[in-house]
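1. Below are the sequence and a predicted model; questions follow.
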Amino acid sequence: MNRYESLRQRLVQPFLLLGFIVGATLSLTTFALLVQIEERAIARALHVELESFRHRLSHNPRAAPAESALLRGLYLPTPDLTLFPQLAEGEESLEFRTLGDGEYSVLFTRIGGRPFALVYDRTYIRSNIAQIALLLLVTTAGTTLLSFLVGYRLSRQIVQPIARLLKEVSQKAGQARRPGERIRFSGDDYPSDEIGRLVQELDRFSVRLHEFIERESYFAADVSHELRTPIAVIAGATEVLEEVPDLPEAVRQRVATIGRHARRLSQVVEAMLLLGQEEASDGDPSCVLGQVVEEVVADCRPLLDGRPVSLETRIVEPVVLPVEGSLVYVLISNVVRNACAHTRRGHVQVRLAAGHVAINDTGIGIPEERFPALFQRHTKGEASPGHGLGLSIVARICERLDWHVSVSSDEASGTTFRFDFPPQPAGR
């Protein structure tokens, strides 16, 4: 089963990511431009001051270099600047230097044949850049938060009708309804957009689904009613005929066969109706599993007439289960009939013990490549005359009864079907 993912979360995440990317991109771009502008301003200030000092020297050879809190002019070498580039007259070199505890922009050149440097203190610039970086970080966080709020509100407007529809569907699906009562959804309570159209189409689909289920329910009930009456008549007629004293043996056998198949048909009809119900019956059924096994064996024994095959039961321990006997009958009889049909010689054995019932035969084994699709509808062997529905019905009954079925087969030793049922409380 796939992990649940919130639709609101999936809508908010792109807005959050978009806001962060846009805010971070603008902040980084702004920061880079401001740093570049500051560096150009420092370089321009140094070059302007250098030209100004040269101009002053041309008028006054004793003119002093600039001396302020931010900018100082120095003839080299000095105790702090012992290393400097060797430049020719007129050449300039702008470098970053760490002097003591501070960082400086230093413009090196030669004036009057002597090395000269203009030193610009970057402490104030660093403080401004740090403040700008903090401001841009706050701006990025604000942009991201704004995007989150916009995405959250928008997602709420989108998801709220869907969440309300989901809640309404869950409530109506879980409520106990009277037979024939339909589930209806009113599109007037939802916005007139795609959500409203969805509710309208869901209501139409609900009506169609209800009508379909109603037709199927009526069909099953009508078929059950119409079949049970003739089955009861046939069963009653066979009981009367079996009591006729002078009835020929051949006719008596045919009458017994008719009565046996009438009882089997009654079990099958009841089992199919139970499988068609959405929920189990309200009663407390009780099934003596040994009796069901004996009935199945008695009904299937005529299928082996004329073949060297023995059909036997082995009841190790009597078992009583709180399940419908008709379902168990159809379950076991389908497998036993298949075993009888595919066994040419040897035996077919039904073994009942505490916790499981096993059906073993010495017939033709099931090829391994058929195992993945063994319990699917219309899956059968090449030599099978049926329609491939028996094992599909077996699988559905096992799912209904919460039984586990396992199959082992070998072409040399035959096939074994094992049905494991849940343990019952003591004293059941």
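-> On my side now, so go ahead. Numbers count the residues shown, from 1 in each chain.
2. Every contact and neighbour count from this point should use C-alpha atoms.
-> Fine.
3. Let me see the backbone angles for residue 74.
-> phi -130, psi 140 (degrees, to the nearest 10).
4. ok, it to residue 66 distance?
-> 9 Å (C-alpha to C-alpha, to the nearest Å).
5. ok, which stretches of the stretch 51-200 of the chain are strands?
-> For the stretch 51-200 of the chain, strands defined by DSSP state E, counting those that start in this stretch occupy the ranges 71-75, 93-99, 102-111, 114-121.
6. Oops, could you answer that again for the stretch 201-350 of the chain instead?
-> Under the criterion DSSP E, counting those that start in this stretch, the stretch 201-350 of the chain contains strands at 287-288, 309-315, 320-321, 346-353.
7. if we look at stretch 82-102, which residues are touching it?
-> Around stretch 82-102, the neighbours that count as contacts under C-alpha atoms under 8 Å, 6 or more residues apart in numbering are 43, 76-77, 80, 103-113, 115, 121-123.
8. go on, stretch 48-59?
-> With C-alpha under 8 Å, 6+ apart as the test, stretch 48-59 has contacts from 63, 65-66, 111, 118.
9. Now with 10 Å, please.
-> With contact meaning C-alpha atoms under 10 Å, 6 or more residues apart in numbering, stretch 48-59 is reached by 42-47, 60-66, 71-73, 107-109, 111-112, 116-118.
10. Wait, residue 237 touches residue 259, no?
-> Yes: here residue 237 reaches residue 259: they are 8.4 Å apart, a contact under C-alpha atoms under 10 Å.
11. what about those two, which has more around it?
-> Per other C-alpha atoms under 10 Å, whichever of residue 237 and residue 259 has more neighbours is residue 259, with 22 against 14.
12. ok, back up a step: same list, the strands of the stretch 51-200 of the chain, but as JSON lines with mean neighbour count and distance to residue 305 please.
-> Putting the strands of the stretch 51-200 of the chain into JSON lines (neighbours: other C-alpha atoms under 10 Å; distance: least, C-alpha to C-alpha, whole Å) gives the following:
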{"stretch": "strand 71-75", "mean neighbour count": "18", "distance to residue 305": "120"}
{"stretch": "strand 93-99", "mean neighbour count": "13", "distance to residue 305": "109"}
{"stretch": "strand 102-111", "mean neighbour count": "20", "distance to residue 305": "110"}
{"stretch": "strand 114-121", "mean neighbour count": "21", "distance to residue 305": "114"}
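13. now those in JSON lines, with distance to residue 357 and mean pLDDT?
-> Output for the strands of the stretch 51-200 of the chain, formatted as JSON lines (distance: least, C-alpha to C-alpha, whole Å; pLDDT from 0 to 100):
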{"stretch": "strand 71-75", "distance to residue 357": "101", "mean pLDDT": "89"}
{"stretch": "strand 93-99", "distance to residue 357": "91", "mean pLDDT": "87"}
{"stretch": "strand 102-111", "distance to residue 357": "90", "mean pLDDT": "88"}
{"stretch": "strand 114-121", "distance to residue 357": "95", "mean pLDDT": "90"}
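14. what's the closest of these to residue 155?
-> Closest to residue 155 of those is strand 102-111 (C-alpha to C-alpha; 50.4 Å).
15. With only the CA atoms kept, save the closest one in CSV.
-> In CSV, the C-alpha atoms belonging to strand 102-111 read as follows (Å, rounded to 0.1, in the frame of the first residue of the first chain):
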residue,chain,number,x,y,z
GLY,A,102,42.6,45.0,10.6
GLU,A,103,42.2,44.5,6.8
TYR,A,104,43.2,47.3,4.4
SER,A,105,43.1,48.0,0.7
VAL,A,106,46.6,49.2,-0.3
LEU,A,107,47.5,51.0,-3.5
PHE,A,108,51.2,50.7,-4.3
THR,A,109,53.1,53.0,-6.7
ARG,A,110,56.3,55.1,-7.0
ILE,A,111,56.5,58.8,-6.3
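16. Okay, now the sheet partners of that strand, with direction.
-> strand 93-99 (antiparallel), strand 114-121 (antiparallel) (DSSP bridges).
17. so it versus strand 71-75, what angle?
-> Inter-element angle recorded for strand 102-111 and strand 71-75: 50 degrees (by axes from the mean of the first three to the mean of the last three C-alpha atoms, to 10 degrees).
18. export whichever strand or helix holds residue 417 as PDB, just CAs?
-> Following DSSP states H and E, one finds residue 417 within strand 414-420. As requested, the backbone C-alpha atoms of strand 414-420 are provided in PDB (Å, rounded to 0.1, in the frame of the first residue of the first chain):
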ATOM      1  CA  GLY A 414       0.200 -36.300  -7.000                       C
ATOM      2  CA  THR A 415      -1.200 -33.100  -5.400                       C
ATOM      3  CA  THR A 416      -2.000 -32.100  -1.900                       C
ATOM      4  CA  PHE A 417      -4.300 -29.200  -1.000                       C
ATOM      5  CA  ARG A 418      -4.100 -28.100   2.600                       C
ATOM      6  CA  PHE A 419      -6.600 -25.700   4.300                       C
ATOM      7  CA  ASP A 420      -5.500 -24.200   7.600                       C
END
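19. Helices along the stretch 201-350 of the chain, start to end?
-> For the stretch 201-350 of the chain, the helices defined by DSSP state H, counting those that start in this stretch cover 249-276, 289-300, 325-341.
20. quick one, which of those helices is packed in tightest?
-> Most buried of the helices of the stretch 201-350 of the chain, by mean neighbour count (mean count of other C-alpha atoms under 10 Å): helix 325-341, with a mean of 21.
21. what separates that helix from the chain centre, distance-wise?
-> Computed by C-alpha atoms, centre = their mean, to the nearest Å, the chain-centroid distance of helix 325-341 equals 36 Å.
22. Over to stretch 358-369?
-> Relative to its chain's centre, stretch 358-369 lies at 37 Å (C-alpha atoms, centre = their mean).
23. so how far does that stretch reach from one end to the other?
-> Termini of stretch 358-369 sit 23 Å apart (C-alpha to C-alpha).
24. Sweet, I'm off.
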